[in-house]
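J.: Any chance you can model this:
(one chain, ligands or ions: 3)
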Amino acid sequence: MVRLILVLGDQLTPSVAALKAADKASDRVVMAEVADEAGYVPHHPKKIALIFAAMRKFAAALREDGWTVDYSRLDDDDNAGSIPGELLRRADQHGASEVITTRPGEWRLIDALEELPLDLTMLEDDRFIASHKAFDDWAEGRKALRMEYFYREMRRKTGLLMDGDEPDGGQWNYDHENRKPASDDLFAPEPVRVEPDETVQEVLALVADRFGDNFGRLEPFAFATDRQGAQKVLRHFIKNALPCFGDYQDAMLAGNRFLYHSLISAYLNIGLLDPLEVCKRVEKAYRDGDAPLNAAEGFIRQILGWREFMRGIYFREGRDYPRRNRLNHQRGLPPLYWGAETKMNCLRHAIAQTRDEAYAHHIQRLMITGNFALIAGINPAEVHEWYLSVYIDAFEWVEAPNTVGMSQFADGGIVGSKPYVSSGNYIDRMSDYCSDCAYSVKAKTGDKACPFNLLYWAFLIRHRERFEGNPRMAQMYRTWERMDEKRRATVLDEAEAFLERMSRGETV
Ligand code: FAD
Ligand code: DLZ
Ligand code: SF4
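T.: Ligands and ions are numbered 1, 2, ... in the order given. Modelled structure (predicted):
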């Protein structure tokens, strides 16, 4: 009896579990571009284009390799519009009742598949370095889950950057070397730009027609859309940017959107690159003397540590995780996040870059857009939807723990032990945004006062009861107490007035 093998748009790996379990001679692979997946949030047009183009190429490669593939294009007349709908249609077409799938990266789709009136086998997605069981075994019984300890365990298990039982160089973490601010005379490499071929051009026309009104610029489109292209991006990164990755990991420059970042997250997340293989290639660069230890360790920690940790948290915490709101923040996301004018130069740059590239690097996401949303008290569900929509690499299993957990502290401290909040000082130290801003980062009150300066204190005072006892935050409260009483009142009044102006729709 023929079985249907479902391959989703972020499962584009020839060895993905469902394909490994399938019989090339008798089973049919089902792949479908569907309105539901393209529309559950208003995805950036570049993200839809990447996924559709990569899906089409992956399907073609499978056929070449001898598989029978039922591929549905978004504009096919009989397209059922959803993944379950397409499976039912194909089951009916071929008289199939059995479906094999790799577990999707989102509860929404897992639940929808489980409701299908078909005989469904859902296999664990083993394209990760830690299995669900390995993560849960590590997490079980711990009072707090801290990435750093999980990461050390992963280093020991994989042997990456290990010297026997000890970490290479004697330390687990070289972050203290990795906080150099950037200056605009840095010579950062240009990213690889892949020219759109015929398949990509066809997809770009479809996306322009159907999703042209979504936030985000579709063209120029220069992403790789197959494994070969993704490998080229990885090679380029290792050769040209990895050596400085550590030093300038947290830096931000108005004139350079990518600095020394790898730009591979989307390829990892849709299956064009394998995380362990990427880590091994970076380790080799270090062993060959082509990259310093602080760079290799810092980079490997992002993938072996953070990426795996976030996935573990998402599935361990369960379906309600993306809707958590422990700080009870209720303000609506201001239109400036969707490109409306703002006088705050840091936000203007981070959001314009997001619109143009579907990309911002980690510190822009965490300390500019994320930090502002947190100190302004924006509803985390709206922040979550924004991040899930606008970035090329956004899939809920990794986006939600980063947004709801790390960036908005809406999980109450599962991902991080304290909220990532800062005043304008931090942004000024790590970027060149402030020198060209309508506000003054040095001004703490008054018309010109940097809004981050005002909102930072207002946030800390609003949540004083929760955070005052946190040893990592005590210093902040002591600084507040040392401030003149009149000044403290002015700061809080001006913060409130700023938020009211923003909520009224004034340009702030
Ligand atoms: P690099 O800086 O070159 O890092 C290398 C790789 O490490 C990345 O490709 C990524 O796979 C991994 N990585 C780094 N940081 C993290 C992290 N915190 N969590 C998981 N993996 C990490 N990453 C996503 O892949 N998808 C998302 O939807 C996403 N949403 C985010 C939302 C917020 C609010 C924040 C603060 C971070 C988010 N991140 C997300 C993490 C991180 O910002 C991106 O992975 C990174 O910016 C991608 O760019 P890069 O490939 O150039 O990364
Ligand atoms: C993100 C996405 C988009 C935009 N479109 C499709 C699609 O048409 N077909 C498909 O199979 N997958 C798509 N995806 C990826 C899915 O949304 C993703 O598999 C789930 O969110 C689980 O991670
Ligand atoms: Fe951002 Fe404040 Fe600096 Fe302006 S002064 S760029 S608002 S941190």
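J.: name the element Arg487 belongs to?
T.: Here Arg487, judged by DSSP states H and E, is contained in helix 485-503.
J.: list the helices and strands that helix packs on?
T.: Applying 3 or more Cβ pairs under 8 Å, 6 or more residues apart in numbering; DSSP states H and E, we find helix 485-503 packed against helix 451-462. (C-beta placed from N, C-alpha, C; glycine too.)
J.: picking up where we left off before, for the record, mean pLDDT for the helix holding Arg487?
T.: Regarding helix 485-503, the rounded mean pLDDT is 98.
J.: That one close to ligand 3?
T.: No. For a cut-off given as Cβ under 6 Å from any ligand atom, helix 485-503 has no contacts with ligand 3; the smallest distance is 11.0 Å.
J.: Just the buried residues of that helix, please?
T.: 488, 490-491, 494-495, 498-499, 502 (16 or more other Cβ atoms under 10 Å).
J.: Which residue ranges of the stretch 51-200 of the chain form helices?
T.: Assigned by DSSP state H, counting those that start in this stretch, the stretch 51-200 of the chain shows helices spanning 83-94, 107-114, 132-139, 147-158, 198-211.
J.: again, but for the stretch 251-400 of the chain
T.: 265-270, 275-287, 293-300, 308-317, 345-357, 362-363, 371-375, 380-390, 396-400.
J.: For Leu19, find the nearest of those.
T.: Evaluated over those, closeness to Leu19 peaks at helix 265-270, with 14.9 Å, by Cβ to Cβ.
J.: Tell me the gap between the closest one and the middle of its chain.
T.: 10 Å (Cα atoms, centre = their mean, to the nearest Å).
J.: and if you look at stretch 1-9?
T.: Distance, stretch centre to chain centre, for stretch 1-9: 28 Å (Cα atoms, centre = their mean).
J.: go on, stretch 492-508?
T.: Averaging C-alpha positions (Cα atoms, centre = their mean) puts stretch 492-508 29 Å from its chain's average.
J.: Does the residue in the chain that ligand 2 sits nearest to belong to a helix, a strand or coil?
T.: Going by Cβ to the nearest ligand atom, ligand 2 is nearest to Gly9 of the chain, at 2.8 Å. Secondary structure state of Gly9, per DSSP: H, G, I helix; E, B strand; the rest coil, is coil.
J.: ok, the nearest residue to it once chain neighbours are set aside - contacts?
T.: Spatial nearest neighbour of Gly9, chain neighbours left out: Ile51 (4.3 Å); criterion: Cβ to Cβ, 6 or more residues apart in numbering. Residues in contact with Ile51, defined by Cβ atoms under 8 Å, 6 or more residues apart in numbering, are 9-10, 270.
J.: same deal with Val383?
T.: Residues in contact with Val383 (Cβ under 8 Å, 6+ apart) are 333, 370, 373, 403-404, 407-408.
J.: give me that answer again for 6 Å
T.: By Cβ atoms under 6 Å, 6 or more residues apart in numbering, the contact list for Val383 reads 373, 403, 408.
J.: one step back: now the helices of the stretch 251-400 of the chain in a markdown table, with distance to ligand 2 and mean pLDDT?
T.: Formatted as a markdown table, those follow (distance: least, Cβ to the nearest ligand atom, whole Å; pLDDT from 0 to 100):
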| stretch | distance to ligand 2 | mean pLDDT |
| --- | --- | --- |
| helix 265-270 | 8 | 98 |
| helix 275-287 | 16 | 98 |
| helix 293-300 | 24 | 96 |
| helix 308-317 | 11 | 98 |
| helix 345-357 | 17 | 98 |
| helix 362-363 | 21 | 97 |
| helix 371-375 | 23 | 98 |
| helix 380-390 | 9 | 98 |
| helix 396-400 | 6 | 98 |
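J.: Now render those helices as CSV, adding distance to Glu86.
T.: Compiled in CSV, those are given as follows (distance: least, Cβ to Cβ, whole Å):
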stretch, distance to Glu86
helix 265-270, 19
helix 275-287, 29
helix 293-300, 38
helix 308-317, 25
helix 345-357, 31
helix 362-363, 35
helix 371-375, 36
helix 380-390, 22
helix 396-400, 20
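J.: could I get those as TSV with distance to ligand 3?
T.: Shown next, in TSV, are those (distance: least, Cβ to the nearest ligand atom, whole Å):
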stretch	distance to ligand 3
helix 265-270	25
helix 275-287	32
helix 293-300	25
helix 308-317	27
helix 345-357	3
helix 362-363	13
helix 371-375	8
helix 380-390	18
helix 396-400	24
